[in-house]
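Asks: predicted model follows, preceded by the sequence.
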Amino acid sequence: MRDASHTPWQQLAAIVLFAAITPTILMTAPAVAAQLAAQWQLSPSQIGDLFSVELGAMSLATLPALWWLKCVSWRVAALGAAVLFITANLLSMLADTYTHLLILRFASALAGGSLMILCLASAATTANPSRVYGLWVMGQLVVGAIGLAVLPGLFERYGLEACYLILAGLMTVLLPLAWNFPSTSPAPQAAAMTALPGSRWKAALGVAAVLAFYISLGGVWTFIGALGASAGISAQHSGEILAIATVMGIAGAACVSLIGTRLPRLPLLLSGYALMAAAVLLLLGQPTLVRFALAALLFKFAWTFILPLILACLADLDHSGKLMNVSNLVIGGGLAIGPAIAGRLIEASGGFAVLLVGGAVITLLSLALVVASRPGPVFEMEPV
């Protein structure tokens, strides 16, 4: 059973701030990609490979974590990963070849992925995981929004090096917070207290729910701009709508954090998934500017509203950190699989209808999986 007390603010700060800084490159990908093309003269395929390496390394951090989560102090692991992150970003400023940059970005992302696993696992040990995961998502979105607003100006004046220096500087400032993570995972006997019959199957269903969620999310969101263009919506209008959608995303995560334990989780899950599926279906046909805007804003709000709830469901199944570690790999896999499948569906069907209907179906599949994974009776109305 979790401690009913509130999460100490130092631990909460460590979870939210480390999780906000580590994926900054991916959260600001449009600005960074444009600068790579302008400053490094990289081809689209090279830029794509570079981001794939970053995403892949963050996901692959799961594999060594299977060992160190139970054998190494989480505080020492956080400090080591943070130092590697700082070093890799400082050296990225000095990289003079594409290969060197690729290697250094892999190292930075591997360190960032390790920190992300620690943040996910630590949040699972808190008294109110859904609130912490809501802040976790909100922090990433806020940093991403600030980065997209600020980085283009910095790039114009100082080049890509400015981004790497800022990341190293911010992580240096956060170093003392590494000691606010739990020292280790919960004791085996404490974790065993929450074990339920069939819990491994429920854990598998929960992980499958996360995978389905990210496949749907990655597939639809990656091509939402192209869908708008095919419907005759200008790039300027589309860009403005998607920028506003970021604010809606922050609002979605904030709502979950504010609701806390005030409402049962099941109706929140049902509402969030219904909104996400409805948003996808609103994009069918040739959406007008108003319908496109409504769908984009609703989709981003629902996505960030649902995610903390799903992660909280996983936290109910395992407080040792192992399941959250696996979820890190699944998130990366879903983000990679979604766009790959979506692109082929668009090419094969000559339009977006199959993608959108499939996205809505996979979204509802994720709902069914996450509901089935919940401990106890499926429709028991437990608090968030």
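Replies: The structure has been received and is ready for your questions. Numbering: from 1, shown residues only.
Asks: every contact and neighbour count from this point should use C-alpha atoms.
Replies: Will do.
Asks: residue contacts, V210?
Replies: For V210, the contact set (CA atoms under 8 Å, 6 or more residues apart in numbering) comprises 310, 327, 330-331, 366.
Asks: of all the residues you listed, which comes closest to A372?
Replies: Using CA to CA, S366 is the member of these that lies nearest A372, at 9.8 Å.
Asks: that closest one contacts F213, doesn't it?
Replies: Yes: between S366 and F213 there is a contact at 5.6 Å, judged by CA atoms under 8 Å.
Asks: who's more crowded, these two?
Replies: Between S366 and F213, F213 has the larger neighbour count (other CA atoms under 10 Å), namely 29 against 26.
Asks: that older thread, closest to V256 among the contacts of V210?
Replies: I310 (11.4 Å).
Asks: that older thread, save the contacts of V210 as JSON lines, and put in pLDDT too.
Replies: JSON lines is the format used below for those (pLDDT from 0 to 100):
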{"residue": "I310", "pLDDT": "94"}
{"residue": "S327", "pLDDT": "88"}
{"residue": "V330", "pLDDT": "91"}
{"residue": "I331", "pLDDT": "88"}
{"residue": "S366", "pLDDT": "97"}
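Asks: I'd like to know which of those are buried.
Replies: Among those, those buried by neighbour count (16 or more other CA atoms under 10 Å) are 310, 327, 330-331, 366.
Asks: in helices, which of the residues you listed appear?
Replies: 310, 327, 330-331, 366 (DSSP state H).
Asks: out of those residues, which is nearest to W179?
Replies: Of these, the one sitting nearest to W179 (CA to CA) turns out to be S327, at 23.9 Å.
Asks: can you name the helix or strand that the nearest residue to the closest one once chain neighbours are set aside falls in?
Replies: Excluding its sequence neighbours, the residue lying closest to S327 (CA to CA, 6 or more residues apart in numbering) is V207, at 6.3 Å. Secondary-structure assignment from DSSP states H and E places V207 in helix 199-222.
Asks: quick one: that helix to chain centroid distance?
Replies: Offset of helix 199-222 from its chain centre (CA atoms, centre = their mean, to the nearest Å): 12 Å.
Asks: can you list the buried residues in the helix or strand following that helix?
Replies: Toward the C-terminal end, the helix or strand that comes next after helix 199-222 (DSSP H and E) is helix 224-230. Neighbour counts over helix 224-230 (16+ other CA under 10 Å) mark 224-225, 227-228 as buried.
Asks: let me know the closest of these to I362.
Replies: The closest of the buried residues of helix 224-230, once distances to I362 are taken by CA to CA, is I224, at 16.8 Å.
Asks: any idea how far the residue lying closest to that closest one once chain neighbours are set aside lies from G219?
Replies: In space, and not counting its chain neighbours, I224 is closest to A296: 8.0 Å by CA to CA, 6+ apart. According to CA to CA, to the nearest Å, A296 stands 14 Å off from G219.
Asks: check G56 too.
Replies: Counting by CA to CA - G56 and G219 are separated by 17 Å.
Asks: what's around I146, how many residues?
Replies: 11.
Asks: also W9?
Replies: Neighbours around W9, by other CA under 10 Å: 10.
Asks: same question, V150
Replies: Number of residues near V150 (other CA under 10 Å) recorded here: 12.
Asks: OK, contacts around it?
Replies: So V150 contacts nothing (CA under 8 Å, 6+ apart).
Asks: and if you look at V16?
Replies: For V16, the contacting residues are 119, 132, 135-136, 139, by CA under 8 Å, 6+ apart.
Asks: now do the helices in the stretch 51-200 of the chain.
Replies: 62-71, 74-92, 98-124, 129-158, 161-174, 188-193, 199-222 (DSSP state H, counting those that start in this stretch).
Asks: pick the most deeply packed of the ones you listed.
Replies: helix 98-124 (a mean of 25; mean count of other CA atoms under 10 Å).
Asks: output the contacting helices and strands for that one.
Replies: helix 9-21, helix 44-60, helix 62-71, helix 74-92, helix 129-158, helix 289-317, helix 322-349 (3 or more CA pairs under 8 Å, 6 or more residues apart in numbering; DSSP states H and E).
Asks: swap the cut-off to 6 Å and go again
Replies: Secondary-structure packing of helix 98-124 (3 or more CA pairs under 6 Å, 6 or more residues apart in numbering; DSSP states H and E): helix 44-60, helix 74-92, helix 322-349.
Asks: what's the offset of the second one from the middle of its chain?
Replies: The chain centroid and the centroid of helix 74-92 are separated by 20 Å under CA atoms, centre = their mean.
Asks: C-alpha coordinates for that helix, PDB please?
Replies: Extracted in PDB, the C-alpha atoms of helix 74-92 (Å, rounded to 0.1, in the frame of the first residue of the first chain):
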ATOM      1  CA  TRP A  74      18.500   5.300  -8.000                       C
ATOM      2  CA  ARG A  75      20.100   8.500  -6.700                       C
ATOM      3  CA  VAL A  76      23.600   7.400  -7.900                       C
ATOM      4  CA  ALA A  77      22.100   6.300 -11.200                       C
ATOM      5  CA  ALA A  78      20.400   9.700 -11.600                       C
ATOM      6  CA  LEU A  79      23.600  11.500 -10.900                       C
ATOM      7  CA  GLY A  80      25.600   9.300 -13.300                       C
ATOM      8  CA  ALA A  81      23.000   9.700 -16.100                       C
ATOM      9  CA  ALA A  82      22.800  13.500 -15.600                       C
ATOM     10  CA  VAL A  83      26.600  13.800 -15.800                       C
ATOM     11  CA  LEU A  84      26.600  11.800 -19.000                       C
ATOM     12  CA  PHE A  85      23.800  14.000 -20.400                       C
ATOM     13  CA  ILE A  86      25.800  17.100 -19.600                       C
ATOM     14  CA  THR A  87      29.100  15.800 -21.100                       C
ATOM     15  CA  ALA A  88      27.400  14.500 -24.300                       C
ATOM     16  CA  ASN A  89      25.700  17.900 -24.900                       C
ATOM     17  CA  LEU A  90      28.900  19.900 -24.200                       C
ATOM     18  CA  LEU A  91      30.800  17.700 -26.600                       C
ATOM     19  CA  SER A  92      28.000  18.000 -29.200                       C
END
